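Visitor: Got a predicted structure plus its sequence, pasted below:
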Amino acid sequence: MLSKLLLPLTVAALSGLAMTFQGAINAALKEKIGVAPMSLAVHAIGLIISITAVLVFTGMPRVEDFKSAPLYSYLGGLLNVAIIGGVAFAVAKTGATIGISAILFGQLTTAVILDHFGIFTLEKIPFSWIRIAGVALMLVGMRMAINK
């Protein structure tokens, strides 16, 4: 079982690493130009990179492919704007450790709820005492990180 999870867990850990760097970098940019201009700059650069990657690696997708996706699946773009701004704001005000701790607590809590109800296309994974304990331990860890 662990061997099947090694690659996805490694990718997830690297994504977390990237998110932490991104939060710190975006916080620095936010301090110079403000939250909205920082978000615009980050998303404009991301758009250019994304268009280039699509054209190089997959080619232009068909319009039908976009039409077949459920409408809610496009909320990721809206959420991304909130995430980029929220992370930059939080990390600038609290530092990386406290800001990322709070973000991770929010992510883990939400993930347990999404799994329990099988929201969107997720497999239903019911609440269990061990999952609830994991969320509680994350909260304890966050509190320990806040203790200065």
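Guide: Done, it's in.
Visitor: which regions of this structure lie under the pLDDT threshold?
Guide: 1, 148 (pLDDT under 70).
Visitor: Now do the helices in it.
Guide: Listed in chain order, the helices of the chain (DSSP state H) span residues 2-33, 35-53, 63-68, 75-94, 96-117, 129-146.
Visitor: How many residues are close by the nearest residue to residue 114 once chain neighbours are set aside?
Guide: Once flanking residues are discounted, residue 114 sits nearest to residue 122: 5.7 Å by C-beta to C-beta, 6 or more residues apart in numbering. Where C-beta positions appear, they are placed from N, C-alpha and C, glycine not excepted. With neighbours defined by other C-beta atoms under 10 Å, the count for residue 122 comes to 12.
Visitor: Now mean neighbour count too, for the helices of the chain, in TSV please.
Guide: TSV is the format used below for the helices of the chain (neighbours: other C-beta atoms under 10 Å):
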stretch	mean neighbour count
helix 2-33	13
helix 35-53	13
helix 63-68	8
helix 75-94	16
helix 96-117	16
helix 129-146	12
